[in-house]
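Asks: Predicted coordinates and the sequence they were generated for:
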Amino acid sequence: MAEWLEIPLQYHTERKIIHVDMDAFYASVEIREHPELKTRAVVISADPRENHGHGVVTTANYVARQYGVHSAMPAAQALKLIPRDKVVFVPPHFELYRSVSAQIHQIFHQVTDIIEPISLDEAFLDVTENKWHETNTIKIAMRIQQQIIQTTHLTCSLGISYNKFLAKVASDHNKPVGRTIIRPEQAQAFLQDLPIDKFFGVGKKTQEVLHEMQVYTGGDLLKIPQMELIAKFNKMGFVMYKHARGVDDSPVQERRERRSIGKERTYNPPIEVNERVERELRTISEQVAAALAKQQMHGRVIVLKMRNSLFETTTKRQSFDQYVVSAEQIFQIAWQLWLTHGNLSNGIRLLGITVTELDPRSFENIDLPLFE
């Protein structure tokens with residue numbers, strides 16, 4: 001049997017990539033509009049005390065995060081974690097967030113048009129060639145950060161490196177108001193000790209298999225032959241092989257296809273009890289999660305579609321600052337949307353769940369230790 005030839009790697013260390021990530025964006029915008037909230041634990045969600053315990057956390061400021069609150073958590077759980085005299089629930093105002101995001105993107109376009117938006121609060125910029133004719137990437141990053149503060153009175157954290165993978169890693173360090181650079185000569189040393197669960201796209205099941213292979217860090221991953229990883233993990237194996245070597249050859253794409261993955265089911269006779277809705281949403285969530293896994297995607301927006309016996313269709317959506325991927329996450333969010341907006345008075349003929357604002361699982365929100 002002939003041996004497979006290894007796929008050659010493409011090293012693009014000449015690129016200058018900046019990943020801009022706004023700090024607790026939605027919550028920061030609300031605090032800017034209402035300065036009296038600055039010292040409070042601000043949770044962007046409907047108030048469960050006024051909403052029959054329903055609602056899901058969209059995001060939270062850093063005060064709330066210190067109590068363990070995070071995106072996609074049930075709002076009722078956030079209420080249990082934070083002292084009642086400290087917490088403030090603020091319903092999301094997406095039109096306001098979109099308008100502020102547009103201001104930020106105007107700043108990006110002052111330096112480059114090679115911009116890959118990830119969400120309202122996050123984007124990659126390729127500044128290898130730039131309108132400012134500046135060769136020092138750190139100076140570009142500092143100027144972007146300063147202009148965002150001056151224009152919007154909001155802060156961001158920046159990651160600087162020679163590819164998107166490392167720039168994304170870097171931006172998650174020293175939040176908020178952080179600025180971190182990973183140079184080509186630093187990357188391998190950093191990745192050597194990076195726990196394998198911190199590599200983008202490596203979920204719990206993949207971790208279990210890697211642990212069986214005695215792979216716990218980037219250094220361990222580096223020892224596994226390329227074809228062994230590909231045989232075990234298919235495309236994700238090659239991604240891990242590249243990332244262990246600080247390689248990511250994907251360019252910053254100016255226009256990104258906004259895709260969605262969803263499933264829906266129709267019912268005859270119509271559903272008339274909540275328990276059945278709960279079972280159906282759990283089944284649909286599992287189907288959507290399986291489809292996401294097959295495409296190696298995850299997203300930031302969950303959309304619940306409902307149609308009653310009068311053929312009136314309603315859609316409700318929830319946006320997050322973290323990626324949603326598991327069936328349980330999808331179900332919990334869809335179920336909270338149903339409890340908040342669902343209505344059985346005319347029966348339910350159709351239920352659907354869609355995940356939008358998708359990205360490859362090679363992009364993931366993580367918190368990492370990095371060089372001081």
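Replies: Looks like it came in fine.
Asks: Going along the chain, name the helices of the stretch 51-200 of the chain.
Replies: Taking DSSP state H, counting those that start in this stretch to define them, one finds helices in the stretch 51-200 of the chain at 62-65, 75-81, 94-111, 137-152, 164-171, 184-192.
Asks: just for the chain, where's the confidence low?
Replies: Counting by pLDDT under 70, the chain shows low-confidence ranges at 1-5, 200-201, 255-258, 362-372.
Asks: what domains does the record give for it?
Replies: 17-24+95-183, 26-94, 188-244, 260-360 (automatic domain parsing).
Asks: To I7, which of these lies closest?
Replies: Closest approach to I7 among these (C-beta to C-beta): domain 188-244, 6.5 Å. From N, CA and C alone the C-beta is placed, and that goes for glycine too.
Asks: Ends of the closest one, what's the gap?
Replies: 8 Å (C-alpha to C-alpha, to the nearest Å).
Asks: can you check stretch 126-141 too?
Replies: With C-alpha to C-alpha, one end of stretch 126-141 sits 11 Å from the other.
Asks: Give me the contacts around that stretch.
Replies: Here stretch 126-141 makes contact (C-beta atoms under 8 Å, 6 or more residues apart in numbering) with 14-18, 110-112, 114, 143, 158, 160, 179, 181, 251-252.
Asks: Output the contacting helices and strands for whichever strand or helix holds E278.
Replies: Using DSSP states H and E, the element containing E278 is helix 274-295. Judged by 3 or more C-beta pairs under 8 Å, 6 or more residues apart in numbering; DSSP states H and E, the packing partners of helix 274-295 are strand 260-271, helix 327-341, strand 348-360.
Asks: let's go with 10 Å and repeat that
Replies: When contacts are defined as 3 or more C-beta pairs under 10 Å, 6 or more residues apart in numbering; DSSP states H and E, helix 274-295 packs onto strand 260-271, strand 297-308, strand 313-324, helix 327-341, strand 348-360.
Asks: returning to that earlier point: of the helices of the stretch 51-200 of the chain, which is nearest G342?
Replies: Nearest of the helices of the stretch 51-200 of the chain (C-beta to C-beta): helix 75-81, 16.7 Å.
Asks: Report the buried residues of the closest one.
Replies: A75, A76, A78, L79, L81 (16 or more other C-beta atoms under 10 Å).
Asks: For the third one, list the residues it contacts.
Replies: So that's A78. By C-beta atoms under 10 Å, 6 or more residues apart in numbering, the contact list for A78 reads 41, 43, 45, 48, 55-57, 60, 64, 67-70, 87, 89.
Asks: So which of these is the closest to D197?
Replies: Among those, and counting by C-beta to C-beta, the member closest to D197 is H70, at 16.5 Å.
Asks: Next, format the helices of the stretch 51-200 of the chain as CSV and append distance to D121.
Replies: Below are the helices of the stretch 51-200 of the chain laid out as CSV (distance: least, C-beta to C-beta, whole Å):
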stretch, distance to D121
helix 62-65, 14
helix 75-81, 20
helix 94-111, 7
helix 137-152, 11
helix 164-171, 11
helix 184-192, 25
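Asks: Tell me which of those approaches I230 most closely.
Replies: helix 164-171 (18.1 Å).
Asks: before we move on, back to that, can you flag the buried ones in the contacts of stretch 126-141?
Replies: Taking 16+ other C-beta under 10 Å as the criterion, what is buried in those is R15, K16, I17, I18, V111, T112, I114, L158, I160, R179, I181, V252.
Asks: Select only the buried ones of the contacts of A78 in ChimeraX?
Replies: Burial among the contacts of A78 is assessed by 16+ other C-beta under 10 Å; the matching ChimeraX selection reads:
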select :41,43,45,48,55,56,57,60,64,67,69,70,87,89
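Asks: Among the contacts of A78, which ones are in strands?
Replies: In this view, the contacts of A78 that belong to strands under DSSP state E are A41, V43, A60, V87, F89.
Asks: Can you add distance to M236 and give these back as TSV?
Replies: TSV is the format used below for the ones in strands among the contacts of A78 (distance: C-beta to C-beta, whole Å):
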residue	distance to M236
A41	37
V43	34
A60	31
V87	39
F89	38
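Asks: from those, which is closest to A167?
Replies: A60 (24.7 Å).
Asks: Tell me the bridge partners for the closest one.
Replies: Bridge pairing for A60 (DSSP bridges) gives the partners V43.
Asks: Leaving aside the residues adjacent along the chain, what's closest to H52?
Replies: L339 (7.3 Å; C-beta to C-beta, 6 or more residues apart in numbering).
Asks: cool, and E33?
Replies: L96 is the one closest to E33 (C-beta to C-beta, 6+ apart), at 7.6 Å.
Asks: do you know how far that neighbour is from V29?
Replies: Distance of L96 to V29, computed by C-beta to C-beta, to the nearest Å: 6 Å.
Asks: V56 too?
Replies: 19 Å.
Asks: hang on, the residue nearest to H52 packs against N274?
Replies: Yes - the criterion here is C-beta atoms under 10 Å, and L339 meets it with N274 at 8.4 Å.
Asks: Who has more neighbours out of the two?
Replies: Legend: neighbour count by other C-beta atoms under 10 Å for L339 and N274, higher for L339 (16 against 13).
Asks: List the contacts of that one.
Replies: Contacts of L339 were listed using C-beta under 10 Å, 6+ apart, and they are N51, H52, G53, H54, G55, N274, V277, E278.
Asks: Just give me the closest of the buried ones among the contacts of stretch 126-141 to L125.
Replies: Nearest to L125 among these, with distances taken as C-beta to C-beta, is I18, at 4.6 Å.
Asks: Skipping adjacent residues, who's closest to that closest one in space?
Replies: Here the residue nearest I18, using C-beta to C-beta, 6+ apart, is L125, at 4.6 Å.
Asks: Also S71?
Replies: Q322 (4.0 Å).
Asks: Could you count how many residues lie near the one you found?
Replies: 17.
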